Each structure stands twice: as structure tokens, then as C-alpha cells.
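# What follows is a predicted protein model with its sequence.
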Amino acid sequence: MLEYDVAVIGGGAAGLVASKLANGLGKKTVLIENKLIGGDCTWFGCIPSKALIKAASIAKSVTRIDQFGIESSEPVNLDCSNVMEHVRSVVRDDSKSHNAGVLEQEGIDVIFGAPRFINRHHIKINGKRIRAKKFIICTGGHPLIPKIEGIDDVPYLTNETLFDLEKLPKSMIILGAGPIGSEISSAFARLGVEVTVIEKSTHILVREEIELTSVLMESMRKEGVNLIMKNKIVKLRQEDGFIVAKLLAADGHRSEIRAETLLIAIGRRPNLESLRLKYAGVEFNSKGIKVNSHMRTTARNIYAAGDVVPPYLFSHIAEYEAVIATTNACLPIPLRKTRYQHVPWCTFTSPQLARVGMTEEQAKESYGSKVRVYRKQYKDIDRAKTDLAAEGLSKIICDKGGRILGVHILGENAAEVMHEAQLGRSLGIPFNKIATVIHAYPSYSDAIRQPAKKCYIDVMKNNFIIKPLLAMTARKNRKRMILLAAVSIVFVILWFSGLREALSLENIQSKGQQLKTLSNDHYFFSVVSYILLYTLVAAFSIPVAAALTIAGGYLYSFIIATLYVNIGATAGATAAFLFARYIAGQPLQRKYKDKLTKFNSEFKENGARYLFTIRLIFVFPFFVVNLLAGLTKVKVRTFMWTTALGILPSSAIYAYAGQQLGTINKVSEIFTGRILLAFILLAGIALMPAFVKKYKHFRQHRKSIKKTRSKR
């Protein structure tokens with residue numbers, strides 16, 4: 001029996017990383033592979049498909065050399081018969097770096113065969129028993145073949161057999177418009193193959209941003225790809241050397257298409273069938289093996305990584321997971337955890353489609369109105385103009401503070417361009433900070449830099465210091481700011497001018513006789529001066545109104561003083577009301593028009609009653625009511641009459657006290673028990689309509705309940 005510290009099952013992207021890391025950490029390691037070292041990525045996926053895509057890109061470039069001002073003496077005729085052999089040669093060259101001999105030279109044992117678990121510490125392979133302290137399962141996946149009538153009677157292709165083609169077919173049906181189907185259809189169409197894609201959804205690449213996939217679909221159609229959406233294949237047959245597919249559309253329409261070849265690309269399933277995982281105590285389902293954040297399975301000594309672990313079936317994620325799984329397997333206790341919030345990927349269509357993070361729809365579901373979306377069309381990027389690569393756009397989704405929520409790029413070099421934003425997102429760098437980094441020009445980095453500049457402006461505009469400064473200097477607000485500054489200056493002057501001390505009750509009492517003589521000698525002048533002074537005090541909310549009202553009662557008698565006070569107070573209140581409306585009310589109503597619709601409707605109907613009630617209840621500060629009313633859409637005349645009537649009782653009380661100026665020494669002495677009771681009664685009367693309305697509503701509700709019960 002062979003014994004190891006770590007046994008890695010599967011020699012694909014995850015298995016290679018796992019075996020090399022375990023060996024590097026000093027563990028006796030064995031790599032077990034059933035087919036070919038390198039796995040899906042080397043032999044059937046990343047390497048051959050990208051070699052094919054590059055060949056297709058070259059072919060496309062050759063056919064459009066005239067667009068770059070280059071003329072050929074001969075018509076351009078492309079012979080693509082050797083493309084598939086070129087692809088295989090690239091694969092063979094890549095596989096040399098990780099064959100069995102190379103791994104064994106590093107100290108890793110390599111065994112080929114199909115292993116089966118006996119228990120969680122033992123497997124059987126090629127008749128031999130192997131024991132390992134830790135196992136890491138990296139067996140990858142295989143193409144999912146749908147149950148379609150006649151599928152077993154036609155020679156279909158998958159990504160595992162596609163690159164064995166000796167020559168390109170003249171026509172091909174591709175079932176599935178996911179990453180594999182989209183990439184192969186895009187490449188084959190550029191190489192002259194008549195391609196038809198069948199997809200049951202409304203769009204290709206259903207996990208991606210619809211805004212970008214819509215542009216990509218249009219581009220693919222221009223290049224000759226026949227995209228048939230909202231259809232599925234219900235039957236297959238062979239006829240005269242062609243594969244015939246019967247289609248059923250979502251609306252029930254039936255049709256037929258035919259082609260030389262058929263590629264199945266609807267998804268993948270994990271390679272788990274032959275492992276007998278139940279004997280090892282490893283839980284799994286049709287989508288893959290169940291693991292925790294440490295990549296450990298339900299068996300404590302067994303880990304898993306790569307395509308056997310859902311949901312991200314990418315080579316770069318397989319490597320990421322393999323590092324975490326192997327590190328934890330080699331430590332006494334697992335310490336490292338997976339974090340999938342920053343997983344990027346790219347579909348290498350023409351143009352490329354790269355993505356990391358949330359779509360706009362997902363971001364709005366989580367963040368609502370805080371989402372900001374920044375775009376840059378490739379046709380507006382100078383480097384794209386020079387390369388005649390104008391198709392595509394970048395779309396970066398952020399929150400209000402510039403935190404990157406999602407990055408989506410469709411266009412030339414999208415896979416490379418994405419990584420600047422991906423770095424910012426992973427490290428928590430706000431998107432607007434990218435705008436401050438110096439970029440080389442001209443480059444495709446403008447797909448990120450230019451949107452970052454827009455984000456920079458937005459973040460600056462919303463800064464709590466800069467925002468008011470910008471508002472103050474904006475042309476549309478200049479008059480408001482000048483008025484606000486002027487009023488503020490006057491307020492400061494009045495506040496520190498000694499006016500409060502001059503109009504204090506003590507000062508009025510000490511100079512009462514002089515004031516009365518002056519008033520009698522120059523009555524008209526004194527009345528005008530008194531009303532203007534009261535208007536000024538009320539408008540600027542100087543806290544001497546009570547003393548000034550008492551002085552009016554002393555100088556002009558109770559009833560006359562109440563009238564003068566009412567005129568001055570109403571005029572001052574109206575001035576403050578109009579000031580608040582102009583400075584803040586109008587901008588507020590414009591900015592939040594939709595949100596204030598219900599409030600404005602209610603205030604339009606009951607505003608007069610509300611204002612009158614508030615004026616009667618003396619606990620509401622006079623100046624606060626003036627300013628807050630200015631923020632509403634209440635009419636000026638409504639504000640004036642509710643103010644005049646509402647302050648009448650309190651004005652009368654203070655003026656009456658002024659007739660007996662000698663009997664009180666401070667304002668608080670006015671509020672005897674009887675006066676306070678009067679104010680409370682006034683407040684009760686003011687609130688009575690609201691109570692009556694509530695009571696009527698309660699009675700109606702009780703009646704409706706009784707009717708409902710009687711019907712039962």
C-alpha cells in the first residue's frame with residue numbers, strides 16, 4: 001500500500017496548483033489523473049478556444065485591411081483549412097510545461113487511472129490501495145448533454161471533441177448561448193462558417209448586463225451569426241449528410257434548420273460518478289460537492305476545488321480555490337477562507353465582454369436610489385478610434401460615495417481593461433480616486449478613467465463642505481446668496497447693536513414717563529416708528545417682542561396697542577416667511593417635487609387650519625413657524641390672515657399687562673394662573689376640530705365593524 005500526506009485527485013488547473021503547493025510545503029504528494037494532465041483548460045477549454053479566437057481575429061483583420069488605407073494587388077482569399085491543426089499545436093506546446101515527467105522531477109508522484117474511495121483515508125486505483133492523510137478532489141467537469149429525441153442518432157460535438165475536427169465545417173448549429181456557445185459562434189463566423197445559435201432565453205449570456213449583451217448580439221449578427229432566441233431543439237435527425245434540428249419557439253411556432261455539424265454547449269456537470277464519494281462520507285449533488293468556506297467537504301480530511309465546486313466554473317477560480325483548499329489541508333487546522341465577492345470573468349467574443357460584481361438591476365435592488373451608473377462608449381475613446389474598434393462600452397456601477405459595486409466592459413481588450421477597476425473594487429479604493437491617477441495616452445484605459453472622472457465630479461458635488469460652496473457660487477443661486485448674506489449682516493448688527501438691552505422691560509420701566517411724553521407730543525411719528533420697529537424685531541426674530549408689546553400697552557392703551565402690535569408682527573412674520581420661501585422653499589419644492597406631492601396636497605386643503613391652530617398654541621416659537629411655513633406652498637394671504645388672527649389673543653394679553661406696567665417687574669409675572677388657563681383653553685379650542693374629526697372617523701369605523709358582524 002502506498003502512503004502519502006496529500007493525494008490530489010484530478011490534474012486540471014486546480015489539481016496542478018494543489019499538487020505543486022502541497023509539494024512545496026513539504027508534504028509527500030501524489031497527483032492522480034484519469035485522462036490528460038492539464039485538464040479541461042489545457043485540452044478542451046481556455047487554451048484551444050483562445051487560440052481559435054485569435055486566429056479568427058487575424059482572419060477578420062485581413063479582410064478589412066482596406067479600412068486602414070492598405071490595398072492589396074490581389075483579392076484577399078482566406079484558406080482556413082489549417083486553423084484547427086494550428087489550435088492543436090498551441091495546445092501541445094502548452095501541455096509540455098505540465099506533463100508527468102516535469103511534475104515527477106519536482107518530487108510529485110503521478111498515477112494515471114480512475115480512483116475509487118474505500119473510506120475517507122483510502123482509495124483504490126489500478127488494483128492498488130493508496131492511503132493519504134488528506135485528499136483534495138479536483139476532478140473537474142464534463143459537458144451536459146440534454147435529453148432530446150434523436151440525439152443519440154446524430155454525431156454531435158462538445159467542447160471536448162470540437163478541437164479534434166480536421167477542418168472547419170461549412171455550417172454549424174450551436175445549442176446554447178452561454179460563454180462556450182457565444183465564443184465559438186463568434187470565432188467560427190469570422191472564419192467563414194455559417195453559424196446558427198439556438199437559445200431558449202431572450203438574450204445570450206443571461207448572467208451579464210442586458211444593456212451590453214444587446215450590443216454584443218447586434219455585433220455578432222453583423223458578422224454573420226444567426227441568433228435564434230426563445231427557441232429550443234425538440235428533435236434531431238440526420239438527412240443527406242446534414243443534421244436537421246426541429247425547433248419549438250416560446251410562442252409555439254415550429255421550424256426546422258440544418259447544418260453539417262452540431263455543437264452542444266448548454267452547461268457542465270461535475271466529474272463525480274466513479275469516485276464513490278458516499279464511502280468517504282462526502283456529500284454532493286448534481287451541481288457538485290458540498291464544501292464550507294475553508295473548501296473542506298463533509299469529510300474532515302477531504303477538500304475539493306475547481307469545477308466540482310459550484311457556482312463559479314472558471315480556471316482562475318479553480319486556482320484560487322486550490323490554494324485555499326491545499327493551504328488548509330496542509331495546516332493542523334484550516335485557517336484560510338474563500339471570499340467570492342470579487343470574482344471577475346470574461347467571455348472572449350468579438351468584442352470581449354468582461355464583468356465583476358453586481359449588474360445595475362442587482363445594485364438597485366440592494367442600494368436603491370444610492371446607485372450611480374457611469375458609462376463610456378468605445379466610439380468616444382481615442383485609442384478605439386485609431387484601431388477602428390468602436391463597438392462597445394464600459395459601464396461602472398457605484399454607490400453614492402464612489403464605492404465600486406459592479407464593472408461591465410464590452411469592447412477591445414475588455415479583459416485587460418477591467419482589472420484596474422477590479423483592483424480598486426477589491427482593495428476598497430473609491431472609483432473617483434482612479435481619476436487622480438495619471439494614465440498613458442492614448443490607451444483603452446479611458447474606458448475606466450473617463451467614467452472615473454464623472455464619478456469624481458459627483459463625489460465632489462456631494463461633499464458636505466464642497467456642496468454648499470458650489471451651491472453658493474452657482475449662477476442660479478447668486479441672488480439668493482447675496483440676499484442671505486445681507487440679511488445675515490443686518491441680523492448680526494441688530495443682535496450686537498444694544499437693541500435687546502434698550503428694549504428690555506427694565507429699561508422701558510425706567511424711561512416709561514419720558515417715552516409716554518414723547519409719544520403724546522409726536523403721536524403719528526411714534527406710531528409709525530413703533531410699527532416699523534416691531535416689524536424689524538419680528539422679521540429678524542430679536543427676542544424682545546414681549547417687552548415691546550408691553551411697552552405698546554403702556555404707551556397706547558390696551559386695544560390700540562393690540563392693533564399696532566398685530567400690524568407690525570404680521571408684517572415682520574410675512575417678511576421672514578417670504579425670505580424663507582425665496583432662499584430655501586422654492587429650491588426645496590423643485591428638488592423634491594414628486595416626494596412632496598402628497599404633503600402639498602394636504603397643506604393646500606388644510607393649511608389655513610394648521611397654521612391658525614399652531615399660532616394659537618403659544619408653545620410654538622413665533623419665528624420657527626414663520627420660517628417653516630416659508631418652505632411650504634401655502635399662499636401669502638393665507639399665511640397673513642392666520643398669523644394676524646392667531647397671535648391676537650397673546651398680543652392682547654401682553655398689551656393689557658402693559659397698561660399696568662408698574663405692577664410687574666418681569667415678563668414671566670404676566671403669566672398668572674388665570675392667564676395660563678386662558679392659553680390652555682385657547683389651545684384646546686384650536687385642537688378641537690382635529691379631535692372632532694378623529695371622533696367621527698372612530699364612530700364610522702365602529703359602525704362598519706358592526707355591519708360586517710351583522711352580515712355574518
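That came through fine. Residues are numbered from 1 along each chain as shown.

# On the three-state scheme, Leu78 is what?
coil (DSSP: H, G, I helix; E, B strand; the rest coil).

# ok, now how distant is the closest residue to it other than its chain neighbours from Phe68?
In this structure, Leu78 finds its nearest non-sequential neighbour in Ala59, 5.6 Å apart by C-beta to C-beta, 6 or more residues apart in numbering. In short, each C-beta sits where N, CA and C put it, glycine included. As judged by C-beta to C-beta, to the nearest Å, Ala59 and Phe68 stand 15 Å apart.

# of those two, who's got more company?
Ala59 (17 against 10; other C-beta atoms under 10 Å).

# Does that one touch Arg190 like I think?
Yes - counting by C-beta atoms under 8 Å, Arg190 is a contact partner of Ala59 at 5.5 Å.

# Spell out the residue ranges of the helices in the stretch 1-150 of the chain.
13-24, 39-43, 46-63, 83-95, 100-105 (DSSP state H, counting those that start in this stretch).

# Serialize these to a markdown table and add fields for mean pLDDT and distance to Phe639.
Converted to a markdown table, the helices of the stretch 1-150 of the chain look like this (pLDDT from 0 to 100; distance: least, C-beta to C-beta, whole Å):
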| stretch | mean pLDDT | distance to Phe639 |
| --- | --- | --- |
| helix 13-24 | 96 | 74 |
| helix 39-43 | 92 | 75 |
| helix 46-63 | 95 | 72 |
| helix 83-95 | 95 | 81 |
| helix 100-105 | 93 | 87 |
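
# Can I get these in JSON lines including distance to Ile448?
As requested, the helices of the stretch 1-150 of the chain are exported to JSON lines (distance: least, C-beta to C-beta, whole Å):
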{"stretch": "helix 13-24", "distance to Ile448": "28"}
{"stretch": "helix 39-43", "distance to Ile448": "28"}
{"stretch": "helix 46-63", "distance to Ile448": "23"}
{"stretch": "helix 83-95", "distance to Ile448": "30"}
{"stretch": "helix 100-105", "distance to Ile448": "38"}
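
# With respect to Tyr654, which of those lies nearest?
helix 13-24 (86.3 Å; C-beta to C-beta).

# Could you export the closest one as CSV, keeping only the C-alpha atoms?
Extracted C-alpha coordinates of helix 13-24, given in CSV (Å, rounded to 0.1, in the frame of the first residue of the first chain):
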residue,chain,number,x,y,z
ALA,A,13,-6.0,23.7,-13.3
ALA,A,14,-7.0,23.1,-9.6
GLY,A,15,-5.1,19.8,-9.3
LEU,A,16,-1.9,21.1,-10.7
VAL,A,17,-1.9,24.1,-8.3
ALA,A,18,-2.8,21.9,-5.4
SER,A,19,-0.2,19.3,-6.0
LYS,A,20,2.6,21.8,-6.6
LEU,A,21,1.6,23.8,-3.5
ALA,A,22,1.4,20.7,-1.2
ASN,A,23,4.8,19.5,-2.5
GLY,A,24,6.2,23.0,-2.0
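
# Return the distance of the residue located most distally from the centre of the chain relative to Gly568.
Distance from the C-alpha centroid of the chain peaks at Asp521, with 74.7 Å (C-alpha atoms, centre = their mean). Per C-beta to C-beta, Asp521 is found 21 Å from Gly568.
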